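Engineer: Just the structure for this:
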Amino acid sequence: MKKLGVVFVLICLASSVDAGQRLKVYIGNVSRAEVIVQAIVEQAPENRALEVVAQSEDFYRSSMIELDGERAPRLNSVVLARMPSGLYEVTVHVLNAKGDTVARDFKWVRVV
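Structural biologist: Below you'll find the model as predicted:
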């Protein structure tokens, strides 16, 4: 399983964010009650935060990562632990200094 995770990270790093697409979200692993969200973010001076939100009909969880503009890492990972079973919309936002969304991507994830 560890080898699969390493291969996934290498694929993410090798893939580039398309021109005009500032953010690409991947779901790295979904295991019992745990979701790993990986986001590739185009480096830009206005990038100040990465917000990850997982929401179902009955549950909400969010996490925020501070970004340092052009010096921020391209690959950011968030582990959402202790997630109840269900279908989640996982949305990732890149925010500027004012808190405005400058990029957004999402994926659907089923936790069993």
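
Engineer: CA atoms only: put the helix or strand harbouring Trp108 into CSV for me.
Structural biologist: Following DSSP states H and E, one finds Trp108 within strand 101-111. Extracted in CSV, the C-alpha atoms of strand 101-111 (Å, rounded to 0.1, in the frame of the first residue of the first chain):
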residue,chain,number,x,y,z
THR,A,101,-11.7,32.3,-3.8
VAL,A,102,-9.3,32.5,-6.8
ALA,A,103,-9.5,28.8,-7.7
ARG,A,104,-11.8,25.9,-6.9
ASP,A,105,-12.0,22.2,-7.6
PHE,A,106,-14.0,19.3,-6.2
LYS,A,107,-14.4,15.5,-6.1
TRP,A,108,-17.1,13.1,-4.9
VAL,A,109,-15.9,10.5,-2.3
ARG,A,110,-17.7,7.6,-0.7
VAL,A,111,-16.5,6.6,2.8
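
Engineer: Residue ranges in this structure under the pLDDT threshold?
Structural biologist: Applying pLDDT under 70 to the chain flags residues 1-20.

Engineer: Tally up the residues packed near Gln38, please.
Structural biologist: Neighbour count of Gln38, defined by other CB atoms under 10 Å: 18. Glycine gets a C-beta too; all of them are placed from N, C-alpha and C.

Engineer: Run me through the strand neighbours of the strand holding Trp108, direction for each.
Structural biologist: Paired neighbours of strand 101-111 in the sheet (DSSP bridges): strand 86-95 (antiparallel).

Engineer: Alright, that wraps it up for me.
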